[in-house]
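K.L.:
please work out how this folds:
(one chain, ligands or ions: 3)
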Amino acid sequence: MRAILLGPPGAGKGTQAETIVNEFSIPHISTGDIFRKNIKEGTALGKKAMEYMDQGKLVPDELTVELVKNRLLEDDCKKGFLLDGFPRTLNQADALEDALKSMGQSLDYVINIRVRKELLVERAVGRRICKDCGQTYHMSFNKPSKEGVCDNCGGELLQRKDDTKETVENRINVYQEQTEPLIDYYTKKGIIVNIDGEKPIAQVSKDIIAELRK
Ligand code: ADP
Ligand code: ADP
Ligand code: ZN
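P.N.:
Ligands and ions are numbered 1, 2, ... in the order given. Below you'll find the model as predicted:
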């Protein structure tokens, strides 16, 4: 299965990606995670990406598209993939289509997770990430058993630097301007699956898997 997760910041893409990739045994490709890994490791790409991410702006397409194209050429993507957070612009969507075409592939599904804007800030501001394994939690909606500690690995839970109210609001505006047009783009191609992302996490997972199994 070749699929994309679409949705505003805080919609639950990363959370749902985990369940989907386990269910279908495909790699999870999150451009945000790749950029954060580069920042942590202090690479040249990380340094450039950080300037944009800290302001809630998109990293330029020149840096993002090549990264994803190269990732899709890796062996584990032969069985399919789940892209999370890419594409985010029409230009990225066109580039993805061209890249897949040149590999003789195409997309099966675009999973569009819908959550009203009013709920997104609270979701993102309450998000906590394990500094060691990357597991995502929420202070109110998806708490770890012990505050501040990862259930998986005992790692410390941190807040992303771009998960402040102000930056999240910027990111939501950027989403509406640059990414939302993709809903139309993929609806016209007939591959969009709309999911109500306001239900509890486990129910959203069930709804997505049911749609993908249809
Ligand atoms: P995205 O990858 O779309 O930015 P995440 O999956 O990181 O979103 O989720 C954002 C925050 O909201 C996280 O703290 C997560 O635990 C929480 N969350 C995700 N899905 C739900 C849901 N259905 N209901 C309540 N909280 C959720
Ligand atoms: P969220 O799901 O909460 O929006 P992500 O982890 O997907 O967060 O992305 C974090 C940041 O990384 C974005 O705000 C943006 O700066 C950068 N980024 C991630 N994916 C892309 C992309 N496809 N194009 C441009 N910038 C991106
Ligand atoms: Zn952990």
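K.L.:
of all residues in the chain, which one is closest to ligand 2?
P.N.:
Closest to ligand 2 within the chain is residue 32: 1.9 Å, counting by C-beta to the nearest ligand atom. C-beta: built from backbone N, CA, C; applies to glycine.
K.L.:
can you count the residues close to that residue?
P.N.:
19 (other C-beta atoms under 10 Å).
K.L.:
likewise the one 10 residues further on?
P.N.:
By the other C-beta under 10 Å criterion, the neighbourhood of residue 42 contains 9 residues.
K.L.:
which residues does the nearest residue to residue 132 once chain neighbours are set aside contact?
P.N.:
The spatial neighbour of residue 132 that comes closest, neighbours along the chain excluded (C-beta to C-beta, 6 or more residues apart in numbering), is residue 155 at 3.3 Å. Residues near residue 155 by C-beta atoms under 8 Å, 6 or more residues apart in numbering: 130, 131, 132, 133, 135, 149.
K.L.:
in strands, which of the residues you listed appear?
P.N.:
Of the positions in the contacts of residue 155, residue 130 sit in strands, assigned by DSSP state E.
K.L.:
from the contacts of residue 155, pick the one nearest ligand 1.
P.N.:
residue 135 (9.6 Å).
K.L.:
how about the secondary structure of the nearest residue to the closest one once chain neighbours are set aside?
P.N.:
Spatial nearest neighbour of residue 135, chain neighbours left out: residue 152 (5.1 Å); criterion: C-beta to C-beta, 6+ apart. The assignment at residue 152 comes out as coil when based on DSSP: H, G, I helix; E, B strand; the rest coil.
K.L.:
are any of the contacts of residue 155 buried, and which?
P.N.:
Neighbour counting by 16 or more other C-beta atoms under 10 Å classes 130, 135 among those as buried.
K.L.:
farthest pair in the contacts of residue 155?
P.N.:
Greatest spatial distance among the contacts of residue 155 (C-beta to C-beta): 133 and 149, at 11.9 Å.
K.L.:
pull the distance from stretch 10-17 to the chain's centre.
P.N.:
Computed by C-alpha atoms, centre = their mean, to the nearest Å, the chain-centroid distance of stretch 10-17 equals 6 Å.
K.L.:
let me fix that, I meant to ask about stretch 187-206.
P.N.:
On C-alpha atoms, centre = their mean, the centre of stretch 187-206 falls 14 Å from the chain's centre.
K.L.:
CA-only coordinates of that stretch in PDB, if you can.
P.N.:
Extracted as PDB, the C-alpha positions of stretch 187-206 are listed here (Å, rounded to 0.1, in the frame of the first residue of the first chain):
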ATOM      1  CA  THR A 187     -10.300  14.500  -4.400                       C
ATOM      2  CA  LYS A 188     -10.200  15.100  -8.100                       C
ATOM      3  CA  LYS A 189      -7.900  12.100  -8.500                       C
ATOM      4  CA  GLY A 190     -10.500  10.000  -6.600                       C
ATOM      5  CA  ILE A 191      -8.100   8.700  -3.900                       C
ATOM      6  CA  ILE A 192      -9.100  10.700  -0.900                       C
ATOM      7  CA  VAL A 193     -10.500   9.100   2.300                       C
ATOM      8  CA  ASN A 194     -12.000  11.600   4.700                       C
ATOM      9  CA  ILE A 195     -11.600  10.600   8.400                       C
ATOM     10  CA  ASP A 196     -13.200  12.300  11.400                       C
ATOM     11  CA  GLY A 197     -10.200  13.000  13.600                       C
ATOM     12  CA  GLU A 198     -12.100  14.400  16.500                       C
ATOM     13  CA  LYS A 199     -13.100  11.000  17.900                       C
ATOM     14  CA  PRO A 200     -10.800   9.300  20.400                       C
ATOM     15  CA  ILE A 201      -7.500   7.900  19.200                       C
ATOM     16  CA  ALA A 202      -8.500   4.300  19.100                       C
ATOM     17  CA  GLN A 203     -11.700   5.000  17.200                       C
ATOM     18  CA  VAL A 204      -9.900   7.000  14.600                       C
ATOM     19  CA  SER A 205      -7.500   4.100  14.100                       C
ATOM     20  CA  LYS A 206     -10.400   1.700  13.600                       C
END
